[in-house]
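Engineer: Any chance you can model this:
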Amino acid sequence: MTGKPFILHVEDDPNDVLLIGLAFRKSGIAAGLHVVNDGEQAIQYLAGQGAYANRQTFTLPTFV
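Structural biologist: Prediction:
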């Protein structure tokens, strides 16, 4: 694995998305973060389907 870790955050509550983002910035966690709104979007992302088909843009995450 090269580069910094990348996290796929699956969350439908915008307040929780905001809080996680703030916590990551405050703690200095050196990880990329991409948010999808539900399980179906997460499956599409992981499978590289639909809007997430470009693997150069939407790389596989280190953590979900």
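
Engineer: close enough to count as contact, I20 and H9?
Structural biologist: Yes: if you go by C-beta atoms under 8 Å, I20 and H9 touch, sitting 6.1 Å apart. In short, each C-beta sits where N, CA and C put it, glycine included.

Engineer: shared neighbours, those two?
Structural biologist: L33 (C-beta atoms under 8 Å, 6 or more residues apart in numbering).

Engineer: List phi and psi for F63.
Structural biologist: Main-chain torsions, F63, degrees, to the nearest 10: phi -140, psi 150.

Engineer: From I43, how far out is the nearest residue to it once chain neighbours are set aside?
Structural biologist: Leaving aside its chain neighbours, F63 sits nearest to I7 (4.8 Å; criterion: C-beta to C-beta, 6 or more residues apart in numbering). Distance, I7 to I43, by C-beta to C-beta, to the nearest Å: 17 Å.

Engineer: Looking at the two, which is more packed in?
Structural biologist: I7 (16 against 13; other C-beta atoms under 10 Å).

Engineer: ok, the more buried one - contacts?
Structural biologist: By C-beta under 8 Å, 6+ apart, the contact list for I7 reads A31, G32, L33, H34, P61, T62, F63, V64.

Engineer: for it, helix, strand, or coil?
Structural biologist: Look at I7: counting by DSSP: H, G, I helix; E, B strand; the rest coil, its state is strand.

Engineer: Same check on F58?
Structural biologist: Three-state call for F58 (three-state DSSP): coil.
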